[in-house]
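# can you look at this prediction? I've put the sequence above it.
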Amino acid sequence: MASLGARLRRLRFVQLLSGAALGLALALSPAAAQDVPRNETLILDSTLERIATPENYNPFLPTTTLQGGLHQVAFESLFYLNLETGELQPWQAESYAFNETFDEVTIKLRDGVKWSDGVPFTADDVVFTLNMLKENSAQLGNWGGNASTWVEDVEALDPLTVRIALTATNPSFVVNTFGARVYWTNQIVPKHIWEGQDPATFTNYDPAQGWPVSTSPYQLVSANTQETIWDRRDGWWGAETGFAKLPAPKRVIFTSAGNEERRTAMLINNELDTAYAIGKSSFETVHQRNPKVVTWYPEMPYAYTDAGPRIIGFNNAIPPFDNALVRRAVSQAVNRDAIVDVAWEGMSRPIRFPAPTLAALAPFFEGTEDLFEQYPNTVYDVAASEALMTEAGYTKGGDGFWADASGNRLVLDLVARQTEADSAKAAPVVAELLRRAGFDTQFRLIDSAGFADQVFLGKASIWLAQINGGVNNPYPSFDMFHSRHAAEIGASATGSYSRFANAEYDAIVEEMGAMATDDPRFNEVVRAALAIWLEELPVAPTTDAALLASYNHTYWDNWPTSDNPYFQPCFWWASALVSIVAIEPAAE
């Protein structure tokens, strides 16, 4: 049988001849040409149809593609939040301690951590990274905004100790900033590489110099728009210090599996070791033909409840969605049960606020049922939708579609990512429901790069997406709608990308962020924020994300599952490295 390396080279050659390869394969070092046996290679689904920025490894730019390996194996995090145990697992760091007022935190770094070029990882790197983010916050997306909002001052007390003075009390600062809580984490970059660079344009990519330099056990050796290849560094600090064993996979490949049909075929043929979300029927087909492919639960509902619930997004900065009445009308024209049935094949459930249905979050919403009754935004009610549109000044024409006061028909262009299986299935359902309610709606399925261009820059008015907020504290979910995330049309927004702005809401969210969750007033503040949020409805929550990610035991064992729940099973998150280090070769 031909080696994996030989088969991959033949595949790329065929792709280039056929025009299927959209980008030029970039050989980064002689290691890329080395053969690695299939049983020593871990192949992960990048979740993308193409990796839009294969020459960009700057984790702070809003346009950087993260899930093509960058935030899974290109960098490590100070800590990793384990959603299964609730523990904040130390990694590059060893510990942290707040002062009594929670407006200052001291982080102790782990001794022996080294960058891939052999330079020690120190407190100077942390200080440099946070100051760089503060000084360039407008260009550096979520983490620039986070640093400028919360970091008053940062200093190195010694090579392994960092003191961070905060602008206000924030007991959740460490887990929200450095904990790889869901999708993102504030990664630390090497001062000796980044100093003197413009972080708004620096790509952190120079194969001749071994960039990107990181503390990870893997080094980038090849990248193109279809895949990135990372080879194990046997001199990884984790193994040298005894912190962890050397990861078993000698090579990790993040490949663009594309759509659900291709993912299904690749799983059956053992061309993927884990795949991003596929549907219930697709999984059952895969498992029947390849019983070594499993998922989180062995039986229905199969899927893990992901921390990124689904929404209908609205651009609150432009008509018609600068009007909360229209946003609420659209929401009530959509039957969430239909989305659950079609997009999730019964595996998910409707939601009323954009936070996942997790036991850890439920107590914070106790005593708010009256607010959901006052604003039944997610109740399917076409008559209520019609009343809201009439109140907003719209009338239905003889063709049955809504028009504004000047007689101009309201036309909606709904966009969704084509590689998100649930979005691709939900888009025609949502469009049809809206048309039945009088909204002239068409939908478009576009690739991830096009979606980012449309949504981040404010070109789209309505879209289907996920939102990654809180998992053990509702504050991050509410904070996604703080006005600091808004931006002028044409500039990249952050947070929920809704461009929602409300000064009263901002003040309440800021108060929430400065409180411990066990503060007797915490739920009172949550209620106050929720009341404004429900009335304004900057986005329309739809369903939980029941992501049926699959894991293949043909070559690798010790995947996280409900029977082996040592960590969350989300290989597209920034916390994926924890499981990559833990998996083991399958028994012969």
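That came in fine, so what should we check first?
# next, count neighbours for A503.
Neighbour count for A503, taken as other Cβ atoms under 10 Å: 7. C-beta: built from backbone N, CA, C; applies to glycine.
# what's it in contact with, if anything?
S483 (Cβ atoms under 8 Å, 6 or more residues apart in numbering).
# again with V526
Contacts of V526 by Cβ under 8 Å, 6+ apart are F364, F365, T368, P474, F478, M512.
# so what secondary structure elements neighbour the host helix or strand of D125?
Element membership for D125 (DSSP states H and E) is helix 123-135. The contact analysis (3 or more Cβ pairs under 8 Å, 6 or more residues apart in numbering; DSSP states H and E) places helix 123-135 against strand 104-109, helix 141-150, strand 151-158, strand 161-166, helix 191-194.
# on that earlier part again, now intersect the contacts of V526 with the strands, please.
Among these, no member falls in strands (DSSP state E).
# turn these into TSV, columns for pLDDT.
Below are those laid out as TSV (pLDDT from 0 to 100):
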residue	pLDDT
F364	97
F365	97
T368	98
P474	96
F478	98
M512	96
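# where do the strands sit along the stretch 451-588 of the chain?
462-466, 539-541, 545-547, 550-552, 556-557, 584-585 (DSSP state E, counting those that start in this stretch).
# let me know which of those is the nearest to P159.
Taking Cβ to Cβ, strand 584-585 is the member of the strands of the stretch 451-588 of the chain nearest to P159, at 34.7 Å.
# residues making contact with the closest one?
Outside strand 584-585, the residues that reach it (Cβ under 8 Å, 6+ apart) are N39, E40, A248, Y555, W556, D557, N558.
# tell me who's in contact with the residue lying closest to the first one once chain neighbours are set aside.
The reference is to N39. Spatial nearest neighbour of N39, chain neighbours left out: Y555 (4.9 Å); criterion: Cβ to Cβ, 6 or more residues apart in numbering. Contacts for Y555 (Cβ under 8 Å, 6+ apart) come out as R38, N39, T41, L42, N270, D273, P585, A586.
# in ChimeraX, select just the buried ones from those residues.
In ChimeraX syntax, the buried subset of these is picked out as below (16 or more other Cβ atoms under 10 Å):
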select :38,41,42,273
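# now render the contacts of Y555 as a markdown table, adding distance to A465 and pLDDT.
Below are the contacts of Y555 laid out as a markdown table (distance: Cβ to Cβ, whole Å; pLDDT from 0 to 100):
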| residue | distance to A465 | pLDDT |
| --- | --- | --- |
| R38 | 35 | 97 |
| N39 | 37 | 97 |
| T41 | 32 | 98 |
| L42 | 28 | 98 |
| N270 | 32 | 97 |
| D273 | 27 | 98 |
| P585 | 37 | 98 |
| A586 | 36 | 97 |
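# follow-up on the earlier one: mean pLDDT for the strands of the stretch 451-588 of the chain: which is lowest?
Lowest mean pLDDT of those: strand 545-547, a mean of 91.
# separation between the closest residue to T215 other than its chain neighbours and N56?
Nearest residue to T215, sequence neighbours excluded (Cβ to Cβ, 6+ apart): E76, at 5.0 Å. Separation of E76 from N56 (Cβ to Cβ, to the nearest Å) stands at 19 Å.
# tell me which of these two has more neighbours.
E76 (24 against 20).
# so the residue nearest the centre of the chain: helix, strand or coil?
By Cα atoms, centre = their mean, the chain has its centre lying nearest to Y183, at 3.7 Å. Under DSSP: H, G, I helix; E, B strand; the rest coil, Y183 falls in the coil class.
# for L445, same thing?
Once three-state DSSP is applied, L445 turns out strand.
# for E345, same thing?
coil.
# how many neighbours does it have?
Using other Cβ under 10 Å: E345 sits among 22 other residues.
# got it, and A147?
Neighbour number of A147 under other Cβ under 10 Å is 24.
# element containing V429, please.
helix 421-436.
# picking that back up, distance to L388 added to the strands of the stretch 451-588 of the chain, as TSV?
As requested, the strands of the stretch 451-588 of the chain are arranged in TSV below (distance: least, Cβ to Cβ, whole Å):
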stretch	distance to L388
strand 462-466	16
strand 539-541	12
strand 545-547	27
strand 550-552	41
strand 556-557	52
strand 584-585	55
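# closest to G346 out of the helices and strands packed on helix 123-135?
Taking these one by one with Cβ to Cβ, helix 141-150 is closest: 33.8 Å.
# V105 and T169 touch, don't they?
No. Taking Cβ atoms under 8 Å as the definition, V105 is not a contact partner of T169, at 11.0 Å.
# so these two - more neighbours on which side?
V105 (21 against 18).
# what pLDDT is listed against the more buried one?
98.
# also the one 4 residues further on?
According to the prediction, L109 has pLDDT 98.
# same deal with V14?
pLDDT, V14: 33.
# in the sheet, who's paired with the residue lying closest to N99 once chain neighbours are set aside?
Nearest residue to N99, sequence neighbours excluded (Cβ to Cβ, 6+ apart): V105, at 7.6 Å. V105 has the following beta-bridge partners by DSSP bridges: F98, I164.
# now D206
With DSSP bridges as the rule, D206 is bridged to W211.
# pLDDT score for it?
90.
# next: P538.
98.
# N558 too?
Value for N558, per-residue pLDDT: 97.
# one more: A507?
In this model, A507 carries a pLDDT of 98.
# against Q139, how distant is it?
26 Å.
# more neighbours: which of the two?
Q139 (17 against 13).
# residue contacts, the residue nearest to the more buried one when sequence neighbours are not counted?
In space, Q139 comes closest to A200 once its chain neighbours are excluded; the distance is 3.8 Å by Cβ to Cβ, 6+ apart. Residues in contact with A200 (Cβ under 8 Å, 6+ apart) are L61, N136, Q139, L140.
# secondary structure class of the residue lying farthest from the centre of the chain, three-state.
Distance from the C-alpha centroid of the chain peaks at G398, with 43.4 Å (Cα atoms, centre = their mean). Following three-state DSSP, G398 is assigned to coil.
# relative to A383, how far out is it?
Taking Cβ to Cβ, one finds G398 at 20 Å from A383.
# of the contacts of A200, closest to P569?
L61 (28.0 Å).
# okay, now that closest one: neighbour count?
22.
# and it, how far from G141?
7 Å.
# name the residues that touch stretch 481-499?
62-63, 141-142, 145, 149, 311, 313-318, 354, 455-459, 465, 467, 479-480, 500-503, 505-506, 509-510, 533, 538-539.
# same thing with stretch 328-341?
Counting by Cβ under 8 Å, 6+ apart, 310, 312, 314, 346-351, 375-382, 384-386, 388-389, 392, 426, 429-430, 433-434, 436-439, 462, 537, 540, 542-543 sit against stretch 328-341.
# okay then, goodbye and thanks.
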